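Asker: Dropping a prediction and its sequence here:
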Amino acid sequence: MVSAAQELIAEVGVGGFTVDAVAARSGVAKTTIYRHFSSGDELLIHTIDCMVEPFTTPNTGSLRSDLIAVYEQMVPVISDPTMFGMMMGVMAKAAVDPEFARLKDEFEHVRKMPVLTVLELAQARGEVRADVDLALLSELVEGPVVARRIISGGMIAMDEIPVVIDLVLNGIAAA
C-alpha cells in the first residue's frame with residue numbers, strides 16, 4: 001500500500017494523491033487503507049515520511065563542522081526533483097488545509113531535530129550565545145538552502161556549503 005502511494009506521489013505529485021488512486025494502484029480496498037490511516041492526509045504524510053531518509057545528527061564537537069555535515073545531507077534531498085515537487089505540494093496543501101498543516105508541522109518537527117540538536121550541543125559548548133532563540137536560528141540555518149531552491153530555482157552547490165555556513169555563523173557585518 002505504501003509503495004503504491006510512493007509511486008503515485010512520484011507520478012502525479014501531492015496534488016494528484018487520493019486514497020482512491022492508492023487503492024486502485026495497490027489492489028487494496030479503501031476500507032483496508034482506512035483501518036491503518038484515519039485519513040488520506042495521514043496516509044500522505046506517512047508515505048512522505050517513508051520516502052525521506054531521516055538526517056543523522058552529527059556531533060563533531062564543532063558547530064561549523066556539524067552544520068556542514070547537516071547541509072551535506074540536506075542539499076541532495078532538496079535538489080531531487082521528486083522530493084522538491086513533493087515539498088512544494090505539501091506546502092501548498094498545508095496553506096489551505098488546517099488539518100493537513102497540523103500533520104505537516106508534526107512531520108517537520110521530527111525532521112528538524114538534527115539541526116536543533118546540533119545547535120543545542122553547540123550552545124552547551126559555548127559556541128552559541130545562551131540568549132539565542134535556537135528554533136529561530138534553526139530556521140536561519142536551513143533558510144538559504146530552501147530559499148535558493150524555491151525563489152531562484154537554483155541549488156546550493158556542495159562547494160558553497162562552507163561559505164553559506166560561515167555567512168550564517170559570522171553574519172555580514174564588517175570586521
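Answerer: Cool, got the structure. Numbers count the residues shown, from 1 in each chain.

Asker: tell me the domain boundaries of this structure?
Answerer: Following automatic domain parsing, one gets these domains for the chain: 1-51, 56-175.

Asker: Can you dump the C-alpha atoms of stretch 115-133 in PDB for me?
Answerer: What follows is the C-alpha trace of stretch 115-133 in PDB, where atoms were taken according to Å, rounded to 0.1, in the frame of the first residue of the first chain:
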ATOM      1  CA  VAL A 115      19.600  20.800  13.300                       C
ATOM      2  CA  LEU A 116      18.100  21.800  16.600                       C
ATOM      3  CA  THR A 117      20.200  19.200  18.400                       C
ATOM      4  CA  VAL A 118      23.400  20.400  16.700                       C
ATOM      5  CA  LEU A 119      22.600  23.900  17.800                       C
ATOM      6  CA  GLU A 120      21.700  22.800  21.400                       C
ATOM      7  CA  LEU A 121      25.000  20.900  21.600                       C
ATOM      8  CA  ALA A 122      26.900  24.000  20.300                       C
ATOM      9  CA  GLN A 123      25.200  26.200  22.800                       C
ATOM     10  CA  ALA A 124      26.100  23.900  25.600                       C
ATOM     11  CA  ARG A 125      29.800  24.000  24.400                       C
ATOM     12  CA  GLY A 126      29.600  27.800  24.400                       C
ATOM     13  CA  GLU A 127      29.700  28.200  20.600                       C
ATOM     14  CA  VAL A 128      26.300  29.900  20.600                       C
ATOM     15  CA  ARG A 129      25.200  32.600  22.900                       C
ATOM     16  CA  ALA A 130      22.900  31.500  25.700                       C
ATOM     17  CA  ASP A 131      20.300  34.100  24.700                       C
ATOM     18  CA  VAL A 132      19.900  32.900  21.100                       C
ATOM     19  CA  ASP A 133      16.500  31.500  20.200                       C
END
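
Asker: Run through who's touching it.
Answerer: The contact list for stretch 115-133 (Cβ atoms under 8 Å, 6 or more residues apart in numbering) reads 55, 57-59, 61-63, 66-67, 70, 134-135, 137-138, 141-142. Using the backbone N, CA and C atoms, a C-beta is placed for each residue, glycine as well.

Asker: got it, and stretch 7-15?
Answerer: Outside stretch 7-15, the residues that reach it (Cβ under 8 Å, 6+ apart) are 16-17, 21-22, 25, 44, 47-48, 51, 82, 85-86, 89-90, 92-93.

Asker: May I see the PyMOL selection of the buried members of those residues?
Answerer: With 16 or more other Cβ atoms under 10 Å as the criterion, this PyMOL line picks the buried residues out of the contacts of stretch 7-15:
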select buried, resi 17+21+22+44+47+48+51+86+89+90+93
